[in-house]
Every structure is written in C-alpha cells, then in structure tokens.
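S.K.: Sharing a model that was predicted from the sequence below.
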Amino acid sequence: MSDDGLVELRPVGRGPNLLWRLLSVAAAATGPVIAWFGHREAGTDSAQFYVGGVLALFLVPTGIGMWRATSRARRRLLRLDAVGLPAVGEVLTAESDGGEMPDVVMAVRISGPDVPPFEVTVTARPGPTTTPGSRLTVLVDPADGSYLIRDFDDADFFPGD
C-alpha cells in the first residue's frame, strides 16, 4: 500500500489462478478431512477427530480468505486493464534495501494526460528500469487509486486477454 490511499497492484492473477484456487481448497479442506478420518476410525473418542476440528476452526476461514483475495486481485487487474488510464512513471530516486537478495526502493512520480501527478514509493528487483531518470509505463485507475507499473513484472500481459 502506498501513501494517500493509492494501491500498487502486482500483475499476477488475470487468469483462472488454478494454483491459488487449489491451495485455498486444500487449506479449507484439511481440518474437516482429518476430523472425518478420525471420526470414521474411532468416533468422537478419537484425538484425530478433535485435532481436525481445531484445525478446521483456523484453516477453513484461511482457505475462504485465500479464495476471496484471489478473486479480488483478478477483478482489480481486469478492471485496470479495461479502464486504466495510461501514464508515465519517472524514477526520482533509487537505493538498495540492503537485504540478502537486494531489492531497489524507488521514489516514482507518476503523471499522464488525464492523471494528476502523484509520487509513490515502489520496491522492485534491480534492473535497467530501476535507475534514477528511467521512464516507466504505468496504468492508473482514477476511481480507486490503484496503479500498475508494467515494466517490472507484467511480461505476461497481452492486451485483449
């Protein structure tokens, strides 16, 4: 999340997201399946039945949350593709975060013909577009303040998909 209510979107999730869907179903089903096997073997006297029940209390809401987050991310990206306004981002500053696998923390000014200028802080992998003065391709949704910097991770984008 950025300053002033702006939201940076990551460009994964326009498709059916089969892996995230499977993970969410697996998370939600784990507790009930363990409880069912415990009940089948020894009825309600089984420790496995109670362990499965406790796991279900945590994992079912987690699985549902994963499913909903995947759906929301997909909707936001598809909306941004449909109504996003083109803009240009100019890298103002860039410095390494100093981590083991260093990323670059950049201040980026985003502006365009129909987009009022605003500045955001963005973290990305080092590359040719992460140096001060670089210009980046950006899509901005004026309705909710979300934006997508295409030059970093959006190699899977094909217009019309």
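M.R.: Yes, it's here.
S.K.: Compute the number of surrounding residues for the nearest residue to S46 once chain neighbours are set aside.
M.R.: Using Cβ to Cβ, 6 or more residues apart in numbering and skipping residues adjacent in sequence, the residue nearest S46 is G38, 3.9 Å away. In short, each C-beta sits where N, CA and C put it, glycine included. By other Cβ atoms under 10 Å, 20 other residues sit near G38.
S.K.: ditto for the one 10 residues further on
M.R.: When neighbours are counted by other Cβ under 10 Å, Q48 registers 16.
S.K.: what's it sitting at in phi/psi?
M.R.: phi -60, psi -40 (degrees, to the nearest 10).
S.K.: wait, what's in contact with it?
M.R.: With contact set as Cβ atoms under 8 Å, 6 or more residues apart in numbering, Q48 has these partners: I34, A35, F37, G38, E41, A42.
S.K.: Now do stretch 86-96: distance to the chain's middle.
M.R.: Centroid displacement of stretch 86-96 relative to its chain, using Cα atoms, centre = their mean, to the nearest Å, is 20 Å.
S.K.: Stretch 128-143: which residues count as buried?
M.R.: T129, T130, S134, L136, V138, L139, V140, D141 (16 or more other Cβ atoms under 10 Å).
S.K.: So H39: helix, strand or coil?
M.R.: Recorded secondary structure, H39: helix (DSSP: H, G, I helix; E, B strand; the rest coil).
S.K.: How about T70: what's its closest non-neighbour residue?
M.R.: Leaving aside its chain neighbours, T70 sits nearest to W20 (4.4 Å; criterion: Cβ to Cβ, 6+ apart).
S.K.: same deal with A35?
M.R.: Using Cβ to Cβ, 6+ apart and skipping residues adjacent in sequence, the residue nearest A35 is G52, 2.8 Å away.
S.K.: Test my guess that that neighbour contacts G38.
M.R.: Yes. Look at G52 against G38 with Cβ atoms under 8 Å: they come within range, at 5.6 Å.
S.K.: ok, back up a step: on the three-state scheme, the residue nearest to A35 is what?
M.R.: Going by three-state DSSP: G52 is helix.
S.K.: what about it, how many neighbours?
M.R.: With other Cβ under 10 Å as criterion, G52 counts 21.
S.K.: and M101, how far is that from A107?
M.R.: Distance, M101 to A107, using Cβ to Cβ, to the nearest Å: 21 Å.
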